[in-house]
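Student: pasting the sequence and the predicted model now:
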2 protein chains.
Amino acid sequence: MISVEEARQLVMSQVRPCEGEHRLLENAVGRVVIVDIVSPEAYPLSDVSAVDGYAVGTSQGPWTVVGELAAGDTTDIVLGGDDAHRIFTGATVPLGTTAVLMQERCTREGPILIHEGAPFLVGANIRREGESVKAGEIILRKGSVLTPAAIGLLASCGLKDVMVSIEPLISIIRTGGEFIEEGAPKKGRIYSSNDRMLIGALREAGCYTKDEALLAQDEADELRRVLLAAVQAGGVVITTGGASVGDHDLLVPVLKEMNATIHFHGVAQKPGKPMFFATLNGVPIFGLPGNPRAALVLFYEYVLPFLSAMRQRRDPWLRTHHLPLNTALTLKGDRAEFRAARVHDGRVELLADEGSHMLRTLVEADALVYLPATQRAWNAGDPVEVHALPHHRSPQGR
Amino acid sequence: MISVEEARQLVMSQVRPCEGEHRLLENAVGRVVIVDIVSPEAYPLSDVSAVDGYAVGTSQGPWTVVGELAAGDTTDIVLGGDDAHRIFTGATVPLGTTAVLMQERCTREGPILIHEGAPFLVGANIRREGESVKAGEIILRKGSVLTPAAIGLLASCGLKDVMVSIEPLISIIRTGGEFIEEGAPKKGRIYSSNDRMLIGALREAGCYTKDEALLAQDEADELRRVLLAAVQAGGVVITTGGASVGDHDLLVPVLKEMNATIHFHGVAQKPGKPMFFATLNGVPIFGLPGNPRAALVLFYEYVLPFLSAMRQRRDPWLRTHHLPLNTALTLKGDRAEFRAARVHDGRVELLADEGSHMLRTLVEADALVYLPATQRAWNAGDPVEVHALPHHRSPQGR
């Protein structure tokens, strides 16, 4: 059994980056840019007015208003020292402009303009060409996610499309024979939930996945056939169930027979001790336990960061903070633990530990707390490592 | 000019909830459930084993192993006091079971089973029927977002589909004549960015929007025609540009002519003072300024919460924390301010204030800080109100 840190390293050692594609900016929100994005233009493109008001020549006034410029208009007029020009936000200032005066600070009688209040500075309310962005400057670094703000920035600089990672394809395999089937007796069986939960999580992450999981009973021939089909589809394979060491857990033995490389099987963590990670023909295979809570925690802690790394995201791990616990905590055992938590006003509340089988605390959680095997006791106020879950708010509200 | 608090109230007073639709769980991730979700079944459905091991009768052993149960299997055997039954995680325990022993704590010679180590408790490693969820219990409250964990919980309880809000339809209108057009001279003009930025933001939020904004020059007839088309499409309308009081800002006068109700025009805030909010034939119209930074901040602070409320989300506002500033701050003027910020380890770093025209700090931000008009000075360490942006991590990494 290896440590969480070793497991994280082994998983990341098998990342193969996705290819890139050009997409229109508005169709690429949430995607990762895979090259440094260079601005083709300066921003602003010319010296422009920052306000609605009057461009004025070098004198201190009064000035004579000689014309009017809307945003998008330009003029060939060159302002003399006593000339002024009506101008609106974003319009290019005429040659000879010393400053732009805000309309609220001016009085105008016919063509005569007077400035009121404090003296103005040379250059006031003018945004200079290239003040925010110079042509040829890097405006978004390789590995960044294209947020709405990033889309706006790139569009402002004259870009229409962008090179982003394609999204990974994932196949889900559900193993085990204990699931309730339509029309069959329910006795002793359970409803299948991992497949739909993981499909939902993958869709939330923007990945491609089929509408249904591949199903396999706990029989070697069937497992082999389904694994082969998933691996031939390429991308990434996630299996749920069948990763423990029980007599009915055949996945790892079958993968070994198929000449898969088992990078690890068993991690000193709670939940999710029986997790395995393998590759077969270069296709990564995550073996998640059948318990829904364990499966979802391991999805967030290992699979999602792996998929982010495939997408070439610069920091693929869940966003991490160090924040104080609001109560003391002592752990038994020698395994690292991932615990459901809520963060409020910078303090961490651990949610009830239900064992590995239930999802109710994860429904309430907005973060996972990582409690390493090297520490077993915390006082109230001691910092812990907090991994933010990718949905930004618990669905149950604050 | 009204306060931010008044503007927030006026906006929310015009919310009309979206209708509902049934969707398969796996196709409803991120959607809001609009009724309390009641579990049709108990969870677990029967008394099941929590581990791989042996179900044992009432004696303290040794026991005789009389059968084997995989997950999903059941048996009619009733365990006598000295009987044991091989069992796997999730399988229903036979009648007569006192506890389940973990296989790691047992030794077995042929059919004879002996337990090692500390005595076990009655009921150990058995999950009782309905222990986690009782049939008829509310498992997800109305107004919750369907996260992957919630999907897993509902599926575990036997649900396949769920009643969620449909997603709102939004039309974007871009006003103004200052934009660069294909093949036309660029002099004095700017690249259009708000339309694509807002389409990206709406897609990130899961809303329906057309691939392109409706365009309108600053002319009353054209504005009237485009507004009418957008209002007839229903849903929500967002306009950008033309909300100021400059001579070229015709939107509000045109809306008044059309008999729209102008709920407010002008908010004591920075950025975004010229914002307006109107309704026409019951369709809400958000008037955002042309400056991209102001437009995006107001989208997050007003439009997105409004859309969340339409979707019937229980707490529609951006998730709010109170966290300490890492440096002192003094503000001029008497307007409330929204500032781009980054939060790390529970402390707030305000990003450089660039004025309302540029997006570079918003690209780096993971939160907006709301600085109310009633306070103008903060010491380092003083708490401020932090609104988390809906993408969970700045694209530029930690």
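Tutor: Nice, I can see it. This structure is a prediction, so every number in the text was calculated from the model and none was measured. Residues are numbered from 1 along each chain as shown, chains lettered A, B, ... in the order given.
Student: what parts of the stretch 1-150 of chain A come near chain B?
Tutor: Proximity of the stretch 1-150 of chain A to chain B, by C-beta under 8 Å from any C-beta of the partner chain, involves residues A:24-30, A:41, A:43-46, A:48, A:50, A:52, A:70-74, A:88-92, A:103, A:127, A:132-133, A:139-141, A:143-150. C-beta here means a position set from N, CA and C on the backbone, and glycine is covered the same way.
Student: what subset of those residues is buried?
Tutor: When burial is judged by neighbour count using 16 or more other C-beta atoms under 10 Å in any protein chain shown, the buried members of the residues of the stretch 1-150 of chain A next to chain B are A:25-30, A:41, A:43-46, A:48, A:50, A:52, A:70-73, A:88-92, A:103, A:127, A:132-133, A:139-140, A:143-150.
Student: ok, and what's touching whichever strand or helix holds A:Glu5?
Tutor: With elements delineated by DSSP states H and E, A:Glu5 resides in helix A:4-12, which encompasses its position. Helix A:4-12 is contacted from outside by A:2, A:263-264, A:267-269, A:275, A:277, A:284, A:302, A:305-306, A:309, A:316, A:336, A:370, A:372-373, using C-beta atoms under 8 Å, 6 or more residues apart in numbering or on different chains.
Student: from the residues of the stretch 1-150 of chain A next to chain B, which land in strands?
Tutor: When the residues of the stretch 1-150 of chain A next to chain B are checked against strands using DSSP state E, the ones located there are A:Leu24, A:Val48, A:Arg127, A:Ile139, A:Leu140.
Student: was I right about the first one contacting A:Lys160?
Tutor: Yes - checked against C-beta atoms under 8 Å, the pair A:Leu24 and A:Lys160 is within contact range at 6.6 Å.
Student: start to end distance for stretch A:347-364?
Tutor: Length of stretch A:347-364, first residue to last, C-alpha to C-alpha, to the nearest Å: 16 Å.
Student: and that stretch, what's its mean pLDDT?
Tutor: The pLDDT scores in stretch A:347-364 average 82.
Student: mind listing the strands for the stretch 101-250 of chain A?
Tutor: A:106-109, A:112-115, A:126-127, A:138-140, A:161-165, A:169-175, A:208-209, A:214-216, A:236-240 (DSSP state E, counting those that start in this stretch).
Student: most packed of those?
Tutor: For these, the stretch with the most neighbours on average is strand A:236-240, a mean of 27; neighbours defined as mean count of other C-beta atoms under 10 Å in any protein chain shown.
Student: hmm, back to that, show me the two of the ones in strands among the residues of the stretch 1-150 of chain A next to chain B that sit farthest apart.
Tutor: A:Leu24 and A:Arg127 (27.7 Å; C-beta to C-beta).
Student: by proximity to chain B, which residue of the stretch 1-150 of chain A wins?
Tutor: Per C-beta to the nearest C-beta, A:Gly72 is where the stretch 1-150 of chain A lies closest to chain B, at 2.9 Å.
Student: go ahead and confirm that residue touches B:Glu181.
Tutor: No - no contact is recorded between A:Gly72 and B:Glu181 when judged using C-beta under 8 Å, the distance being 10.1 Å.
Student: what's around the closest residue to chain B within the stretch 251-398 of chain A, how many residues?
Tutor: Distance from chain B to each residue of the stretch 251-398 of chain A (C-beta to the nearest C-beta) is smallest for A:Gly346, at 3.2 Å. Using other C-beta atoms under 10 Å in any protein chain shown, A:Gly346 has 20 neighbouring residues.
Student: how about A:Arg8?
Tutor: As a measure of burial, A:Arg8 has 17 neighbours, counting by other C-beta under 10 Å.
Student: likewise A:Lys256?
Tutor: 13.
Student: which members of the contacts of helix A:4-12 occur in strands, if any?
Tutor: Counting by DSSP E, the members of the contacts of helix A:4-12 that fall within strands are A:His263, A:Phe264, A:Gln269, A:Phe277, A:Pro284, A:Ala336, A:Tyr370.
Student: quick revisit: now the nearest residue to the residue of the stretch 1-150 of chain A closest to chain B once chain neighbours are set aside: how far from B:Gly242?
Tutor: Sequence neighbours aside, B:Glu178 is the residue nearest to A:Gly72 in space, at 2.9 Å (criterion: C-beta to C-beta, 6 or more residues apart in numbering or on different chains). Using C-beta to C-beta, to the nearest Å, one obtains 11 Å as the distance from B:Glu178 to B:Gly242.
Student: residues touching the residue in the stretch 151-300 of chain A that chain B sits nearest to, list them.
Tutor: Chain B sits closest to A:Glu178 of the stretch 151-300 of chain A, with a gap of 2.9 Å, by C-beta to the nearest C-beta. Under the criterion of C-beta under 8 Å, 6+ apart, the contact list for A:Glu178 reads A:Gly188, A:Arg189, A:Ile190, B:Ala70, B:Ala71, B:Gly72, B:Asp73, B:Gly90, B:Ala91.
Student: how about 7 Å then?
Tutor: Taking C-beta atoms under 7 Å, 6 or more residues apart in numbering or on different chains as the definition of contact, the neighbours of A:Glu178 are A:Arg189, A:Ile190, B:Ala71, B:Gly72, B:Gly90.
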